[in-house]
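Peer 1: Predicted structure and sequence below. I'll ask about it afterward.
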Amino acid sequence: MKANPPAADRRRAEFETLYARHSREVWAMAYARWMDADLALDIAQECFLRLWRQWEAGDEEIQNPRAWLLRVARNLAEDYAKSSFRRNGTTPTQLLNGVRSREPVPLDQMEKAEAFAQIRVTLEELPQGDRELLTLRYALEYDAGHIAELLGINATAVHMRLSRARQRLADKLTAQGTTAIP
Amino acid sequence: MNTNTRIPNPTPEEGAGLDRMVAAYFRSEMPSKWPAAPQPWAEKAHAASEQRGTDPSRRSRWALAASVALLVGCCWYLTGKVTDGKAKKPFNPDGMATPAAIDKNLGKDKPEKKGGPIPGMP
């Protein structure tokens, strides 16, 4: 017999708590790999479904669900690189940048879109470790201590690596003339 | 000719501007409405209920079986109605004896054996 109802309810509650607490971190890990918000969201959802299946199978006790989820997110993001969908692809999203709306675009909005496109390209050129740190810092607004806890490294290392990553990003953006958004 | 290609470090103002810009970029990338937690238990229950009773092909299979049964029943009923419950006479357009009549009369044309059994024989 499987878990009795109260245990099942507890497990569901625990699952939802974990989702509320860590889904953004899982998203950030996947996002840092591919710089694709929708794909990262799919990967995050898949990670949680796998966690539930793992619980149900009961083969292996997951001691640290957060670390488990982040590991699965990284693995899934890597697996995506091997998938046929990625290899064959559909229309590259960059091509859609050339599609113009019928509505007139305000100048500042256009400049902002261009700056964001430039940031995206620049981030893609950075090492994945840099992207992870920058995503956690800027998307989730985590401080060094929080990032250190998440990545399992010490806070001093986070400060150092984050500073270098930020410097690399700044250098590239400054060289391209992107220093501020309107 | 200027060979100095080193990029100058950003000033504090530029640094703050960069921070704001990168933060704005990441904020724009974050989904505006975060999706609710998946509910694998609900999906499982839904799949189980579908398997149990609401198979969409089940209804059409029943309809097909009922149609076939109705068709067979009608054929059987109409056949009984036409012959009025009696055995059907075979069609005999030229008035010749039917095989059944031939069978019935078989042996009548044969000359009857004279005399009964031989006395003394069982």
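Peer 2: Great, that's in hand. Residues are numbered from 1 along each chain as shown, chains lettered A, B, ... in the order given.
Peer 1: Regarding chain A, what is its longest helix?
Peer 2: helix A:5-34 (DSSP state H).
Peer 1: is chain B contacted by that one?
Peer 2: Yes - applying Cβ under 8 Å from any Cβ of the partner chain, one finds helix A:5-34 touching chain B at A:8, A:12, A:15-16, A:19-20, A:23-24, A:27, A:31. Using the backbone N, CA and C atoms, a C-beta is placed for each residue, glycine as well.
Peer 1: Closest one of those to A:L51?
Peer 2: A:F15 (7.3 Å; Cβ to Cβ).
Peer 1: Skipping adjacent residues, who's closest to A:R131 in space?
Peer 2: A:A32 (4.1 Å; Cβ to Cβ, 6 or more residues apart in numbering or on different chains).
Peer 1: Please name the residues that touch the one you found.
Peer 2: A:128, A:131-132, A:134-135 (Cβ atoms under 8 Å, 6 or more residues apart in numbering or on different chains).
Peer 1: Which among those count as buried?
Peer 2: The neighbour-count test (16 or more other Cβ atoms under 10 Å in any protein chain shown) marks A:131-132, A:134-135 as buried among the contacts of A:A32.
Peer 1: how about TSV for the residues you listed, with pLDDT and secondary structure added?
Peer 2: Conversion of the buried ones among the contacts of A:A32 to TSV gives the following (pLDDT from 0 to 100; DSSP: H, G, I helix; E, B strand; the rest coil):
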residue	pLDDT	secondary structure
A:R131	94	helix
A:E132	94	helix
A:L134	94	helix
A:T135	94	helix
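Peer 1: out of these, which one sits closest to A:S163?
Peer 2: Closest to A:S163, out of all of those and judged by Cβ to Cβ, is A:L134, at 11.3 Å.
Peer 1: Contacts only, for that closest one.
Peer 2: A:L134 neighbours (Cβ under 8 Å, 6+ apart): A:32, A:123, A:126, A:162, A:165-166, A:169, B:22, B:26.
Peer 1: any idea how far it is from B:V22?
Peer 2: 7 Å (Cβ to Cβ, to the nearest Å).
Peer 1: Against A:E61, how distant is the residue nearest to A:R131?
Peer 2: From A:A32 across to A:E61, the span is 29 Å (Cβ to Cβ).
Peer 1: again, but for A:N75
Peer 2: As judged by Cβ to Cβ, A:N75 and A:E61 stand 19 Å apart.
Peer 1: And chain A, what are its domain boundaries?
Peer 2: A:5-86, A:91-175 (automatic domain parsing).
Peer 1: before we move on, back to that, please state the offset of the longest helix of chain A from the chain centre?
Peer 2: Centre-to-centre, helix A:5-34 and its host chain are 14 Å apart (Cα atoms, centre = their mean, to the nearest Å).
Peer 1: Residue numbers of chain A in contact with chain B?
Peer 2: Where proximity means Cβ under 8 Å from any Cβ, the interface of chain A facing chain B comprises A:8, A:12, A:15-16, A:19-20, A:23-24, A:27, A:31, A:37, A:41, A:45, A:48-49, A:52-53, A:115-116, A:119-120, A:134-135, A:138-139, A:141, A:166-167, A:169-171, A:173-175, A:178-181.
Peer 1: change it to 6 Å
Peer 2: Residues of chain A that fall close to chain B, judged by Cβ under 6 Å from any Cβ of the partner chain: A:16, A:19, A:37, A:41, A:45, A:48-49, A:52, A:116, A:119, A:138-139, A:170-171, A:174-175, A:179-181.
Peer 1: What's the ChimeraX line that selects buried ones from those residues?
Peer 2: Of the residues of chain A next to chain B, the buried ones can be selected in ChimeraX as follows, counting by 16+ other Cβ under 10 Å:
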select /A:19,37,41,45,48,52,116,119,138,139,170,171,174,179,181
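Peer 1: In helices, which of the residues of chain A next to chain B fall?
Peer 2: A:16, A:19, A:37, A:41, A:45, A:48-49, A:52, A:116, A:119, A:170-171, A:174-175.
Peer 1: got these as JSON lines, with pLDDT columns?
Peer 2: Shown next, in JSON lines, are those (pLDDT from 0 to 100):
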{"residue": "A:E16", "pLDDT": "94"}
{"residue": "A:Y19", "pLDDT": "95"}
{"residue": "A:A37", "pLDDT": "92"}
{"residue": "A:L41", "pLDDT": "93"}
{"residue": "A:Q45", "pLDDT": "93"}
{"residue": "A:F48", "pLDDT": "94"}
{"residue": "A:L49", "pLDDT": "94"}
{"residue": "A:W52", "pLDDT": "92"}
{"residue": "A:F116", "pLDDT": "90"}
{"residue": "A:I119", "pLDDT": "92"}
{"residue": "A:A170", "pLDDT": "90"}
{"residue": "A:D171", "pLDDT": "89"}
{"residue": "A:T174", "pLDDT": "86"}
{"residue": "A:A175", "pLDDT": "87"}
